[in-house]
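Engineer: got a predicted structure plus its sequence, pasted below:
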Amino acid sequence: EEPFGYRLTSVLLHAFNAAVLFAFVTIALQGRATPVAAAACPPVCGSSPPVVLIAAFGALIFALHPLVVEAVAEPSNREDLLVLLPMLLGLLALVAPVRSPWVLNGFLVLGSFFAVLAKESGIAVPFVFAVAAWLSGSFRRCLPGLIGGLVASAGFLLASYLWRPAGSGIFVRSPAGLAPDLWSQLAVQSRIRALQLSQIVWPWQLSAHYPPQVLAEFTVPVALAMIVAAIVAVSLLVRVNRLAWLGVAIFVFGLLPASNFVPQYHPIADRFLYVPLAGVGLLAAAGLMSLLAASSKISVRLALVAACVVVLFVEYAANIRRQIIWQQPASLWTDVLRRFPRSSQAYIGMANVHDRAGDHRAALAAANQAVLHASGQWAEPYALRAVALWQLGNRQEAVENFRHAQSLSRVYATEDAMVSALFFSAEQLEVLAEL
(Lines give C-alpha, C1' and ligand atoms only; values in the text may rest on other atoms or scores of the structure.)
Protein backbone atom coordinates (compact mmCIF):
# COMPACT_ATOMS: atom_id res chain seq x y z
CA GLU A 1 0.00 0.00 0.00
CA GLU A 2 2.75 2.48 0.96
CA PRO A 3 6.17 1.48 -0.44
CA PHE A 4 8.06 4.66 0.58
CA GLY A 5 9.52 3.20 3.78
CA TYR A 6 10.69 0.04 2.05
CA ARG A 7 12.30 1.99 -0.78
CA LEU A 8 13.95 4.42 1.62
CA THR A 9 15.46 1.50 3.55
CA SER A 10 16.85 0.02 0.34
CA VAL A 11 18.31 3.37 -0.74
CA LEU A 12 20.00 3.76 2.65
CA LEU A 13 21.37 0.21 2.46
CA HIS A 14 22.73 0.88 -1.02
CA ALA A 15 24.31 4.14 0.12
CA PHE A 16 25.89 2.34 3.07
CA ASN A 17 27.28 -0.35 0.76
CA ALA A 18 28.84 2.34 -1.42
CA ALA A 19 30.28 4.07 1.66
CA VAL A 20 31.82 0.82 2.94
CA LEU A 21 33.29 0.15 -0.51
CA PHE A 22 34.80 3.65 -0.48
CA ALA A 23 36.20 3.09 3.02
CA PHE A 24 37.68 -0.27 2.01
CA VAL A 25 39.51 1.13 -1.02
CA THR A 26 40.68 4.19 0.92
CA ILE A 27 42.11 2.19 3.81
CA ALA A 28 43.60 -0.42 1.51
CA LEU A 29 45.48 2.20 -0.49
CA GLN A 30 46.41 4.69 2.23
CA GLY A 31 48.13 2.46 4.74
CA ARG A 32 51.06 1.09 2.76
CA ALA A 33 52.15 -0.60 6.00
CA THR A 34 49.20 -2.99 5.82
CA PRO A 35 49.65 -6.15 3.72
CA VAL A 36 46.60 -5.49 1.55
CA ALA A 37 47.72 -1.97 0.69
CA ALA A 38 51.23 -3.08 -0.13
CA ALA A 39 49.85 -5.75 -2.43
CA ALA A 40 47.28 -3.47 -4.02
CA CYS A 41 49.39 -0.39 -4.68
CA PRO A 42 52.36 -0.91 -7.01
CA PRO A 43 55.66 0.85 -6.25
CA VAL A 44 55.09 3.38 -9.05
CA CYS A 45 52.17 4.85 -7.10
CA GLY A 46 54.64 6.98 -5.21
CA SER A 47 54.37 8.04 -1.64
CA SER A 48 51.07 9.89 -1.85
CA PRO A 49 48.72 8.73 -4.63
CA PRO A 50 45.34 10.55 -4.83
CA VAL A 51 43.73 7.81 -2.78
CA VAL A 52 40.47 9.58 -1.97
CA LEU A 53 39.89 10.38 -5.64
CA ILE A 54 40.58 6.79 -6.68
CA ALA A 55 38.35 5.35 -3.96
CA ALA A 56 35.54 7.81 -4.71
CA PHE A 57 35.63 6.98 -8.41
CA GLY A 58 35.40 3.24 -7.77
CA ALA A 59 32.60 3.62 -5.21
CA LEU A 60 30.61 5.97 -7.48
CA ILE A 61 31.00 3.69 -10.52
CA PHE A 62 29.25 1.05 -8.39
CA ALA A 63 26.73 3.32 -6.65
CA LEU A 64 25.49 5.21 -9.72
CA HIS A 65 25.43 2.42 -12.28
CA PRO A 66 21.94 2.03 -13.83
CA LEU A 67 22.06 -1.74 -13.34
CA VAL A 68 21.71 -1.27 -9.55
CA VAL A 69 18.33 0.46 -9.90
CA GLU A 70 16.30 -2.76 -10.08
CA ALA A 71 17.83 -4.15 -6.88
CA VAL A 72 17.38 -0.85 -5.02
CA ALA A 73 14.00 0.32 -6.36
CA GLU A 74 12.17 -3.01 -5.95
CA PRO A 75 11.91 -3.83 -2.20
CA SER A 76 11.61 -7.58 -2.83
CA ASN A 77 15.11 -7.50 -4.37
CA ARG A 78 16.71 -6.18 -1.18
CA GLU A 79 18.30 -9.58 -0.65
CA ASP A 80 21.05 -8.68 -3.14
CA LEU A 81 21.92 -5.58 -1.09
CA LEU A 82 22.06 -7.75 2.04
CA VAL A 83 24.46 -10.19 0.38
CA LEU A 84 26.92 -7.44 -0.48
CA LEU A 85 26.83 -5.69 2.90
CA PRO A 86 28.45 -8.46 5.02
CA MET A 87 30.91 -9.14 2.20
CA LEU A 88 32.13 -5.55 2.23
CA LEU A 89 32.23 -5.41 6.03
CA GLY A 90 34.37 -8.56 6.06
CA LEU A 91 36.74 -7.05 3.49
CA LEU A 92 36.92 -3.88 5.57
CA ALA A 93 37.90 -5.97 8.60
CA LEU A 94 40.71 -7.49 6.54
CA VAL A 95 42.31 -4.11 5.81
CA ALA A 96 41.50 -2.43 9.13
CA PRO A 97 44.12 -2.62 11.89
CA VAL A 98 42.43 -5.51 13.70
CA ARG A 99 45.03 -6.95 16.05
CA SER A 100 43.04 -9.85 17.46
CA PRO A 101 42.82 -12.84 15.09
CA TRP A 102 39.66 -13.92 16.94
CA VAL A 103 37.89 -10.68 16.02
CA LEU A 104 39.03 -10.87 12.39
CA ASN A 105 38.02 -14.51 12.00
CA GLY A 106 34.73 -13.79 13.74
CA PHE A 107 33.99 -11.10 11.13
CA LEU A 108 34.74 -13.58 8.34
CA VAL A 109 32.48 -16.29 9.78
CA LEU A 110 29.60 -13.94 10.51
CA GLY A 111 29.97 -12.19 7.15
CA SER A 112 29.79 -15.49 5.28
CA PHE A 113 26.84 -16.71 7.32
CA PHE A 114 24.74 -13.54 7.14
CA ALA A 115 25.31 -13.30 3.38
CA VAL A 116 23.84 -16.73 2.76
CA LEU A 117 20.99 -15.96 5.15
CA ALA A 118 20.01 -13.16 2.79
CA LYS A 119 20.19 -15.19 -0.42
CA GLU A 120 21.63 -18.44 -1.74
CA SER A 121 24.15 -16.49 -3.84
CA GLY A 122 25.80 -15.50 -0.55
CA ILE A 123 27.71 -18.78 -0.81
CA ALA A 124 30.16 -16.80 -2.94
CA VAL A 125 31.27 -14.63 0.00
CA PRO A 126 33.70 -17.11 1.69
CA PHE A 127 35.53 -17.51 -1.62
CA VAL A 128 35.86 -13.73 -2.01
CA PHE A 129 37.25 -13.57 1.53
CA ALA A 130 39.75 -16.31 0.63
CA VAL A 131 41.05 -14.36 -2.37
CA ALA A 132 41.33 -11.17 -0.27
CA ALA A 133 43.22 -13.03 2.47
CA TRP A 134 45.58 -14.56 -0.10
CA LEU A 135 46.24 -11.16 -1.69
CA SER A 136 46.95 -9.64 1.72
CA GLY A 137 49.36 -12.39 2.69
CA SER A 138 47.26 -13.24 5.74
CA PHE A 139 45.69 -16.42 4.40
CA ARG A 140 47.05 -18.62 7.19
CA ARG A 141 45.97 -16.12 9.86
CA CYS A 142 42.46 -16.03 8.38
CA LEU A 143 42.20 -19.77 7.74
CA PRO A 144 39.96 -20.55 10.78
CA GLY A 145 37.51 -17.82 9.74
CA LEU A 146 37.55 -18.90 6.09
CA ILE A 147 36.86 -22.53 6.96
CA GLY A 148 34.28 -21.61 9.59
CA GLY A 149 32.50 -19.25 7.21
CA LEU A 150 32.40 -21.82 4.42
CA VAL A 151 31.12 -24.55 6.76
CA ALA A 152 28.47 -22.26 8.27
CA SER A 153 27.17 -20.95 4.94
CA ALA A 154 27.34 -24.29 3.13
CA GLY A 155 25.70 -26.04 6.09
CA PHE A 156 22.83 -23.57 6.16
CA LEU A 157 22.39 -23.79 2.41
CA LEU A 158 22.37 -27.60 2.52
CA ALA A 159 19.85 -27.62 5.38
CA SER A 160 17.57 -25.20 3.52
CA TYR A 161 17.48 -27.56 0.54
CA LEU A 162 17.05 -30.73 2.61
CA TRP A 163 14.16 -29.34 4.67
CA ARG A 164 12.38 -27.23 2.12
CA PRO A 165 8.83 -28.38 1.25
CA ALA A 166 8.52 -31.05 -1.43
CA GLY A 167 6.14 -28.93 -3.48
CA SER A 168 5.96 -25.17 -3.91
CA GLY A 169 2.90 -23.43 -2.57
CA ILE A 170 2.92 -21.15 -5.61
CA PHE A 171 4.59 -22.77 -8.61
CA VAL A 172 3.14 -25.87 -10.24
CA ARG A 173 6.04 -26.33 -12.65
CA SER A 174 9.73 -26.20 -11.78
CA PRO A 175 11.89 -23.80 -13.80
CA ALA A 176 13.22 -25.26 -17.04
CA GLY A 177 16.90 -25.36 -17.93
CA LEU A 178 18.38 -23.11 -20.58
CA ALA A 179 19.05 -26.01 -22.96
CA PRO A 180 18.74 -29.81 -23.09
CA ASP A 181 22.48 -30.53 -22.87
CA LEU A 182 25.55 -29.00 -21.24
CA TRP A 183 27.22 -27.63 -24.38
CA SER A 184 24.05 -25.93 -25.55
CA GLN A 185 23.56 -24.50 -22.06
CA LEU A 186 27.11 -23.13 -22.07
CA ALA A 187 26.46 -21.56 -25.46
CA VAL A 188 23.32 -19.80 -24.22
CA GLN A 189 25.05 -18.76 -21.01
CA SER A 190 27.94 -17.24 -22.98
CA ARG A 191 25.41 -15.13 -24.89
CA ILE A 192 23.87 -14.00 -21.59
CA ARG A 193 27.33 -13.02 -20.33
CA ALA A 194 27.96 -11.03 -23.51
CA LEU A 195 24.66 -9.19 -22.98
CA GLN A 196 25.64 -8.40 -19.39
CA LEU A 197 29.09 -7.15 -20.42
CA SER A 198 27.50 -4.84 -22.97
CA GLN A 199 25.07 -3.56 -20.32
CA ILE A 200 27.91 -2.81 -17.91
CA VAL A 201 29.81 -0.81 -20.53
CA TRP A 202 26.79 0.87 -22.17
CA PRO A 203 23.72 0.62 -19.89
CA TRP A 204 21.11 2.39 -22.05
CA GLN A 205 19.00 -0.58 -23.17
CA LEU A 206 17.97 -2.09 -19.85
CA SER A 207 14.63 -3.70 -19.08
CA ALA A 208 12.65 -5.02 -16.12
CA HIS A 209 12.11 -8.23 -18.07
CA TYR A 210 14.25 -9.92 -20.72
CA PRO A 211 12.58 -12.41 -23.09
CA PRO A 212 14.77 -14.88 -25.03
CA GLN A 213 14.82 -12.68 -28.16
CA VAL A 214 17.08 -10.19 -26.36
CA LEU A 215 19.96 -12.59 -27.13
CA ALA A 216 19.33 -12.54 -30.89
CA GLU A 217 22.13 -10.07 -31.65
CA PHE A 218 24.64 -12.01 -29.54
CA THR A 219 25.59 -15.06 -31.58
CA VAL A 220 27.98 -17.54 -29.96
CA PRO A 221 31.05 -16.31 -31.95
CA VAL A 222 30.27 -12.68 -31.05
CA ALA A 223 29.68 -13.62 -27.41
CA LEU A 224 32.95 -15.54 -27.17
CA ALA A 225 34.85 -12.68 -28.80
CA MET A 226 33.43 -10.22 -26.27
CA ILE A 227 34.27 -12.49 -23.34
CA VAL A 228 37.84 -13.05 -24.59
CA ALA A 229 38.31 -9.30 -25.09
CA ALA A 230 37.13 -8.65 -21.52
CA ILE A 231 39.48 -11.33 -20.16
CA VAL A 232 42.45 -9.85 -22.06
CA ALA A 233 41.70 -6.33 -20.83
CA VAL A 234 41.38 -7.45 -17.21
CA SER A 235 44.52 -9.61 -17.50
CA LEU A 236 46.54 -6.54 -18.48
CA LEU A 237 45.19 -4.71 -15.44
CA VAL A 238 45.84 -7.45 -12.88
CA ARG A 239 49.47 -7.66 -14.04
CA VAL A 240 50.15 -4.14 -12.80
CA ASN A 241 47.65 -3.81 -9.96
CA ARG A 242 46.75 -6.61 -7.60
CA LEU A 243 43.70 -4.78 -6.28
CA ALA A 244 42.16 -5.71 -9.62
CA TRP A 245 42.40 -9.37 -8.59
CA LEU A 246 39.91 -8.74 -5.83
CA GLY A 247 37.62 -6.95 -8.27
CA VAL A 248 37.75 -9.97 -10.57
CA ALA A 249 37.02 -12.30 -7.63
CA ILE A 250 33.94 -10.31 -6.56
CA PHE A 251 32.68 -10.13 -10.14
CA VAL A 252 33.22 -13.81 -10.98
CA PHE A 253 32.13 -15.34 -7.67
CA GLY A 254 29.21 -12.93 -7.43
CA LEU A 255 27.99 -13.92 -10.88
CA LEU A 256 28.49 -17.69 -10.65
CA PRO A 257 25.37 -18.42 -8.52
CA ALA A 258 23.24 -16.72 -11.21
CA SER A 259 24.76 -18.74 -14.05
CA ASN A 260 21.65 -20.91 -14.58
CA PHE A 261 23.40 -24.21 -13.91
CA VAL A 262 20.61 -24.53 -11.36
CA PRO A 263 17.49 -23.59 -13.39
CA GLN A 264 15.90 -20.24 -12.53
CA TYR A 265 12.53 -18.75 -13.41
CA HIS A 266 14.27 -15.60 -14.65
CA PRO A 267 17.57 -16.46 -16.39
CA ILE A 268 18.42 -12.77 -16.95
CA ALA A 269 17.84 -9.86 -14.58
CA ASP A 270 19.60 -6.60 -13.76
CA ARG A 271 19.57 -7.44 -10.04
CA PHE A 272 21.89 -10.41 -10.64
CA LEU A 273 24.65 -7.89 -11.36
CA TYR A 274 24.33 -5.91 -8.12
CA VAL A 275 27.07 -7.78 -6.23
CA PRO A 276 29.35 -8.18 -9.30
CA LEU A 277 29.16 -4.42 -9.87
CA ALA A 278 31.07 -3.90 -6.62
CA GLY A 279 33.85 -5.82 -8.33
CA VAL A 280 33.52 -3.53 -11.35
CA GLY A 281 33.95 -0.58 -8.97
CA LEU A 282 37.21 -2.08 -7.70
CA LEU A 283 38.39 -2.68 -11.26
CA ALA A 284 37.59 0.94 -12.11
CA ALA A 285 39.56 2.15 -9.07
CA ALA A 286 42.49 -0.09 -9.97
CA GLY A 287 42.43 1.12 -13.57
CA LEU A 288 42.40 4.78 -12.56
CA MET A 289 45.22 4.19 -10.08
CA SER A 290 47.36 2.54 -12.76
CA LEU A 291 46.71 5.35 -15.25
CA LEU A 292 47.56 8.03 -12.69
CA ALA A 293 50.73 6.17 -11.76
CA ALA A 294 51.80 5.97 -15.40
CA SER A 295 52.28 9.74 -15.69
CA SER A 296 53.34 12.47 -13.29
CA LYS A 297 52.30 15.32 -15.61
CA ILE A 298 49.61 17.54 -14.14
CA SER A 299 47.91 17.99 -17.51
CA VAL A 300 47.58 14.25 -18.04
CA ARG A 301 46.19 13.72 -14.55
CA LEU A 302 43.69 16.55 -14.98
CA ALA A 303 42.56 15.00 -18.27
CA LEU A 304 42.04 11.68 -16.50
CA VAL A 305 40.00 13.36 -13.78
CA ALA A 306 37.90 15.15 -16.41
CA ALA A 307 37.31 11.84 -18.21
CA CYS A 308 36.20 10.26 -14.92
CA VAL A 309 33.72 13.08 -14.33
CA VAL A 310 32.28 12.61 -17.83
CA VAL A 311 31.92 8.85 -17.28
CA LEU A 312 30.15 9.38 -13.96
CA PHE A 313 27.87 12.04 -15.48
CA VAL A 314 26.80 9.72 -18.32
CA GLU A 315 26.32 6.86 -15.85
CA TYR A 316 24.21 9.01 -13.52
CA ALA A 317 22.07 10.26 -16.41
CA ALA A 318 21.27 6.66 -17.33
CA ASN A 319 20.63 5.90 -13.65
CA ILE A 320 18.10 8.74 -13.34
CA ARG A 321 16.37 7.50 -16.49
CA ARG A 322 15.98 4.03 -14.95
CA GLN A 323 14.71 5.52 -11.69
CA ILE A 324 12.00 7.44 -13.55
CA ILE A 325 10.96 4.23 -15.33
CA TRP A 326 10.85 2.32 -12.04
CA GLN A 327 8.75 4.97 -10.26
CA GLN A 328 5.39 3.56 -11.38
CA PRO A 329 4.27 0.12 -12.61
CA ALA A 330 2.67 1.71 -15.69
CA SER A 331 5.93 3.35 -16.80
CA LEU A 332 7.87 0.18 -15.99
CA TRP A 333 5.76 -2.17 -18.11
CA THR A 334 5.29 0.41 -20.87
CA ASP A 335 9.08 0.54 -21.15
CA VAL A 336 9.27 -3.25 -21.44
CA LEU A 337 6.61 -3.26 -24.17
CA ARG A 338 8.50 -0.54 -26.03
CA ARG A 339 11.44 -2.91 -26.35
CA PHE A 340 9.58 -6.21 -26.45
CA PRO A 341 6.06 -5.77 -27.87
CA ARG A 342 5.22 -9.46 -27.40
CA SER A 343 6.24 -9.76 -23.75
CA SER A 344 3.52 -11.66 -21.90
CA GLN A 345 5.04 -10.61 -18.57
CA ALA A 346 4.67 -6.95 -19.52
CA TYR A 347 1.04 -7.45 -20.57
CA ILE A 348 0.37 -9.13 -17.21
CA GLY A 349 1.82 -6.07 -15.52
CA MET A 350 -0.26 -3.69 -17.62
CA ALA A 351 -3.44 -5.69 -16.98
CA ASN A 352 -2.78 -5.36 -13.27
CA VAL A 353 -2.11 -1.62 -13.62
CA HIS A 354 -5.35 -0.99 -15.56
CA ASP A 355 -7.44 -3.12 -13.20
CA ARG A 356 -6.18 -1.34 -10.11
CA ALA A 357 -6.93 1.99 -11.82
CA GLY A 358 -10.52 0.84 -12.46
CA ASP A 359 -10.15 0.65 -16.27
CA HIS A 360 -11.47 -2.91 -16.61
CA ARG A 361 -11.81 -2.85 -20.41
CA ALA A 362 -8.16 -1.89 -20.80
CA ALA A 363 -7.29 -4.57 -18.22
CA LEU A 364 -9.21 -7.16 -20.25
CA ALA A 365 -7.45 -6.13 -23.47
CA ALA A 366 -4.02 -6.43 -21.79
CA ALA A 367 -4.95 -9.77 -20.21
CA ASN A 368 -6.05 -11.08 -23.62
CA GLN A 369 -2.65 -10.12 -25.04
CA ALA A 370 -0.93 -11.81 -22.10
CA VAL A 371 -2.89 -15.04 -22.70
CA LEU A 372 -1.99 -14.89 -26.40
CA HIS A 373 1.75 -14.36 -25.93
CA ALA A 374 2.08 -16.74 -22.96
CA SER A 375 0.73 -19.59 -25.12
CA GLY A 376 -1.72 -20.54 -22.35
CA GLN A 377 1.03 -21.68 -19.97
CA TRP A 378 0.74 -19.03 -17.22
CA ALA A 379 -2.06 -18.74 -14.70
CA GLU A 380 -1.87 -14.96 -14.07
CA PRO A 381 -3.28 -13.85 -17.46
CA TYR A 382 -6.35 -16.04 -16.95
CA ALA A 383 -6.83 -14.82 -13.37
CA LEU A 384 -6.57 -11.18 -14.41
CA ARG A 385 -8.88 -11.80 -17.34
CA ALA A 386 -11.35 -13.43 -14.94
CA VAL A 387 -11.24 -10.39 -12.63
CA ALA A 388 -11.81 -7.98 -15.53
CA LEU A 389 -14.66 -10.06 -16.98
CA TRP A 390 -16.33 -10.30 -13.56
CA GLN A 391 -16.13 -6.53 -13.12
CA LEU A 392 -17.63 -6.07 -16.61
CA GLY A 393 -20.53 -8.43 -15.80
CA ASN A 394 -19.44 -11.47 -17.88
CA ARG A 395 -19.77 -13.84 -14.91
CA GLN A 396 -19.84 -17.21 -16.70
CA GLU A 397 -16.78 -16.46 -18.82
CA ALA A 398 -15.03 -15.11 -15.74
CA VAL A 399 -15.62 -18.38 -13.88
CA GLU A 400 -14.27 -20.40 -16.81
CA ASN A 401 -11.08 -18.33 -16.91
CA PHE A 402 -10.63 -18.59 -13.16
CA ARG A 403 -10.96 -22.38 -13.27
CA HIS A 404 -8.31 -22.47 -15.97
CA ALA A 405 -6.03 -20.38 -13.73
CA GLN A 406 -6.62 -22.88 -10.92
CA SER A 407 -5.53 -25.73 -13.19
CA LEU A 408 -2.23 -23.94 -13.88
CA SER A 409 -1.25 -22.73 -10.41
CA ARG A 410 -1.82 -23.65 -6.76
CA VAL A 411 -2.02 -19.95 -5.94
CA TYR A 412 -5.71 -19.98 -6.86
CA ALA A 413 -6.61 -23.09 -4.87
CA THR A 414 -7.58 -21.22 -1.68
CA GLU A 415 -8.16 -17.65 -0.54
CA ASP A 416 -5.20 -17.91 1.86
CA ALA A 417 -2.90 -18.91 -1.01
CA MET A 418 -4.05 -15.94 -3.08
CA VAL A 419 -3.38 -13.58 -0.18
CA SER A 420 0.06 -15.13 0.40
CA ALA A 421 1.02 -14.61 -3.24
CA LEU A 422 1.28 -10.83 -2.56
CA PHE A 423 0.23 -10.17 -6.15
CA PHE A 424 -3.34 -8.92 -5.83
CA SER A 425 -4.91 -5.80 -4.38
CA ALA A 426 -7.66 -5.99 -1.76
CA GLU A 427 -10.30 -5.28 -4.43
CA GLN A 428 -8.95 -8.01 -6.69
CA LEU A 429 -8.91 -10.46 -3.81
CA GLU A 430 -12.59 -9.74 -3.15
CA VAL A 431 -13.44 -10.59 -6.76
CA LEU A 432 -11.30 -13.74 -6.68
CA ALA A 433 -12.97 -14.81 -3.44
CA GLU A 434 -16.37 -14.46 -5.11
CA LEU A 435 -15.11 -16.48 -8.08
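Structural biologist: On my side now, so go ahead.
Engineer: longest helix in the chain, please.
Structural biologist: helix 298-326 (DSSP state H).
Engineer: any buried residues in that helix, and which?
Structural biologist: With burial defined by 16 or more other C-beta atoms under 10 Å, the residues of helix 298-326 counted as buried are 304, 308, 311, 312, 315, 318, 319, 321, 322, 325, 326. Where C-beta positions appear, they are placed from N, C-alpha and C, glycine not excepted.
Engineer: in the protein, where is pLDDT below threshold?
Structural biologist: Along the chain, the parts satisfying pLDDT under 70 run over 1, 31-49, 166-173.
Engineer: one more time with 50
Structural biologist: 32-48 (pLDDT under 50).
Engineer: helix or strand right after the longest helix of the chain?
Structural biologist: As assigned by DSSP states H and E, the chain's next helix or strand after helix 298-326 is helix 329-339.
Engineer: for that next one, give me every contacting residue.
Structural biologist: Residues from elsewhere that reach helix 329-339 (C-beta atoms under 8 Å, 6 or more residues apart in numbering): 205, 207-209, 324-326, 343, 345-347, 349-350, 352-353.
Engineer: quick check: phi and psi on residue 102?
Structural biologist: Main-chain torsions, residue 102, degrees, to the nearest 10: phi -70, psi -40.
Engineer: before we move on, what about residue 179?
Structural biologist: Per-residue torsions, residue 179: phi -160, psi 160 (degrees, to the nearest 10).
Engineer: just give the nearest non-adjacent residue to it, would you?
Structural biologist: Of all residues not flanking residue 179 in the chain, residue 185 sits nearest, at 4.3 Å (C-beta to C-beta, 6 or more residues apart in numbering).
Engineer: and whichever strand or helix holds that neighbour, what's buried?
Structural biologist: Assigned by DSSP H and E, residue 185 belongs to helix 182-201. Buried residues in helix 182-201, defined by neighbour count with 16+ other C-beta under 10 Å: 185, 187-197, 199-200.
Engineer: next, format these as CSV and append distance to residue 164.
Structural biologist: Formatted as CSV, these follow (distance: C-beta to C-beta, whole Å):
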residue, distance to residue 164
185, 24
187, 31
188, 27
189, 25
190, 31
191, 31
192, 26
193, 29
194, 33
195, 31
196, 29
197, 34
199, 32
200, 33
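Engineer: of the residues you listed, closest to residue 138?
Structural biologist: Distance ranking of those against residue 138, using C-beta to C-beta, places residue 200 first at 30.7 Å.
Engineer: tell me the secondary structure at residue 393.
Structural biologist: Here residue 393 is coil, with the state taken from DSSP: H, G, I helix; E, B strand; the rest coil.
Engineer: and what of residue 128?
Structural biologist: Classification of residue 128 by three-state DSSP places it in helix.
Engineer: hmm, it is touching residue 250, no?
Structural biologist: Yes: counting by C-beta atoms under 8 Å, residue 250 is a contact partner of residue 128 at 5.6 Å.
Engineer: okay, these two: which has more neighbours?
Structural biologist: Between residue 128 and residue 250, counted using other C-beta atoms under 10 Å, the more crowded position is residue 250 (30 against 26).
Engineer: who touches both of residue 128 and residue 250?
Structural biologist: residue 87.
Engineer: tell me the angle the longest helix of the chain makes with helix 329-339.
Structural biologist: Going by axes from the mean of the first three to the mean of the last three C-alpha atoms, to 10 degrees, helix 298-326 is angled at 110 degrees with respect to helix 329-339.
Engineer: list the helices and strands helix 298-326 packs on?
Structural biologist: In terms of contacts (3 or more C-beta pairs under 8 Å, 6 or more residues apart in numbering; DSSP states H and E), helix 298-326 is packed against helix 51-63, helix 69-73, helix 274-293, helix 329-339.
Engineer: relative to residue 296, how far out is residue 139?
Structural biologist: Between residue 139 and residue 296 the distance is 35 Å, computed by C-beta to C-beta, to the nearest Å.
Engineer: those two: who's more crowded?
Structural biologist: Between residue 139 and residue 296, counted using other C-beta under 10 Å, residue 139 has the larger neighbour count: 14 against 10.
Engineer: what's near enough to touch that one?
Structural biologist: 130, 133, 146.
Engineer: can you check residue 361 too?
Structural biologist: 388, 392.
Engineer: so it is in which element?
Structural biologist: Residue 361 is part of helix 360-373 when elements are defined by DSSP H and E.
Engineer: what residues of that helix count as buried?
Structural biologist: Judged by neighbour count using 16+ other C-beta under 10 Å, the buried positions of helix 360-373 are 360, 362, 363, 364, 365, 366, 367, 368, 369, 370, 371, 373.
Engineer: got these as JSON lines, with distance to residue 22 columns?
Structural biologist: Output for the buried residues of helix 360-373, formatted as JSON lines (distance: C-beta to C-beta, whole Å):
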{"residue": "360", "distance to residue 22": "50"}
{"residue": "362", "distance to residue 22": "46"}
{"residue": "363", "distance to residue 22": "46"}
{"residue": "364", "distance to residue 22": "51"}
{"residue": "365", "distance to residue 22": "49"}
{"residue": "366", "distance to residue 22": "44"}
{"residue": "367", "distance to residue 22": "47"}
{"residue": "368", "distance to residue 22": "50"}
{"residue": "369", "distance to residue 22": "46"}
{"residue": "370", "distance to residue 22": "44"}
{"residue": "371", "distance to residue 22": "49"}
{"residue": "373", "distance to residue 22": "44"}
